[in-house]
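Enquirer: Sequence and predicted structure are below.
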Amino acid sequence: MPKANQISLTLSAEEIKAVSDALQVLESKVPFLIDLTRDEKKALKIMGDKTQAFVEQSLEIVKNNAALVPNFVDIGEMERDLGAWKALWPTATRVLALADRFDDTMAALGSDAYRAALDIYAQLPKAADRNVAGAKTAHELLKPFFEKARQKDSDN
């Protein structure tokens, strides 16, 4: 069970701008990046740490024996792709780790806020029973969020 408040964070406008500016610089340095759909990416054979050695050894074999190269394989392009992959791998690994930390941070921030909102909502009927000013109105304002969720569940 996650703890009640996993992260407490307040960012200044200057900090947000600095991060945004840094990302803009990064984005300007990688104009060659492509954007694949989920299906396009799923269809790819992905090279990673384990398959890199296979690719490198295959390249060495055909560089030493041109007769083994299928006529539809461009060895020069294979070398360029492998070289670029190896050059980008350390940076990509860092960027992906940073993106994962952003994702974790956003999940924790959202969870903290959502759990607090659920706690508030759970207390509203009790507050309304005690005639706390505004409790009934607040409950009526928030109630539709749960009716939509229940309606979705019953539709499935």
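Expert: Everything's here; your move.

Enquirer: so how far is residue 58 from the most centrally placed residue in the chain?
Expert: The residue lying closest to the centre of the chain (C-alpha atoms, centre = their mean) is residue 103, at 5.3 Å. Applying C-beta to C-beta, to the nearest Å, the value for residue 103 to residue 58 is 35 Å. Quick note: C-beta positions are derived from backbone N, CA and C, even for glycine.

Enquirer: elements contacting the helix or strand containing residue 128?
Expert: According to DSSP states H and E, residue 128 maps onto helix 75-129. Counting contacts by 3 or more C-beta pairs under 8 Å, 6 or more residues apart in numbering; DSSP states H and E, helix 75-129 is packed against helix 49-64, helix 135-155.

Enquirer: model confidence over it, on average?
Expert: In this model, helix 75-129 has a mean pLDDT of 96.

Enquirer: That one versus helix 49-64: what angle between them?
Expert: Relative orientation of helix 75-129 versus helix 49-64 (axes from the mean of the first three to the mean of the last three C-alpha atoms, to 10 degrees): 170 degrees.

Enquirer: before we move on, the earlier item: pick out the shakiest of the helices and strands packed on helix 75-129, pLDDT-wise.
Expert: helix 135-155 (a mean of 82).

Enquirer: coming back round to it: in TSV: the helices and strands packed on helix 75-129, plus distance to residue 4 and mean neighbour count.
Expert: TSV is the format used below for these (distance: least, C-beta to C-beta, whole Å; neighbours: other C-beta atoms under 10 Å):
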stretch	distance to residue 4	mean neighbour count
helix 49-64	38	11
helix 135-155	20	11
